[in-house]
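Trainee: Just need the structure, nothing else, for what follows:
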Amino acid sequence: MDSCGFPTPGRRRWSDRTSGSDQAGHKELRKWMVRAVVGMAFLGLLTGCAPTIKYGSPPRTDRLETLRPGVSSTADVLLALGEPRGHGVARFPVDPQPLKIWFYEYTEARGKQVDLKILLVFFRQERYGGHLWFSSAELLDVVE
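Mentor: Numbering: from 1, shown residues only. As a prediction, the model looks like this:
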């Protein structure tokens with residue numbers, strides 16, 4: 001039986017393995033690496049380090065000024081902003097014509113602080129129709 005992920009005396013070392021048992025060696029190495037990573041994560045939690053969790057990529061809002069409503073195409077938006085995280089269709093009461101929407105999102109959580117950025121890009125007949133931009137700038141807190 002392994003002790004703390006290390007081979008016990010009497011078992012072969014990594015260097016003693018032959019090519020025929022390489023697969024078993026890789027399995028044991030993988031187990032040891034998983035144990036080491038889990039151990040380091042546990043140590044980080046014990047020391048009070050709050051991990052930073054990131055989801056998505058920050059929207060390129062600095063490039064919005066290059067887009068022109070009614071003129072810029074979907075290809076222009078892709079070039080300026082990159083691939084969206086999602087897409088859909090919306091209909092507003094003042095305009096019964098459905099609008100195509102691209103969704104860009106970025107979330108960063110550090111302990112109880114959450115920074116959320118959302119960019120919605122609207123299209124009318126495959127042309128850029130405008131956008132809606134929201135950034136929490138760390139105004140959101142997780143309630144316990």
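
Trainee: For this protein, give me the ranges with low pLDDT.
Mentor: For the chain, the stretches with pLDDT under 70 are 1-26, 39-50, 137-144.

Trainee: Tell me the helix or strand right after the longest strand along it.
Mentor: Secondary structure assigned by DSSP state E gives strand 95-110 as the longest strand of the chain. Counting by DSSP states H and E, the next helix or strand C-terminal to strand 95-110 is strand 113-124.

Trainee: Mind giving me the packing neighbours of the helix or strand just after that following strand?
Mentor: Taking DSSP H and E as the definition, the helix or strand that follows strand 113-124 towards the C-terminus is strand 127-135. On a contact count with 3 or more Cβ pairs under 8 Å, 6 or more residues apart in numbering; DSSP states H and E, strand 127-135 meets helix 74-81, strand 113-124. C-betas here are computed from N, CA, C, even on glycine.

Trainee: which other helices and strands contact the shortest one?
Mentor: This points to helix 74-81. Using 3+ Cβ pairs under 8 Å, 6+ apart as the contact criterion, the neighbours of helix 74-81 among helices and strands are strand 95-110, strand 113-124, strand 127-135.
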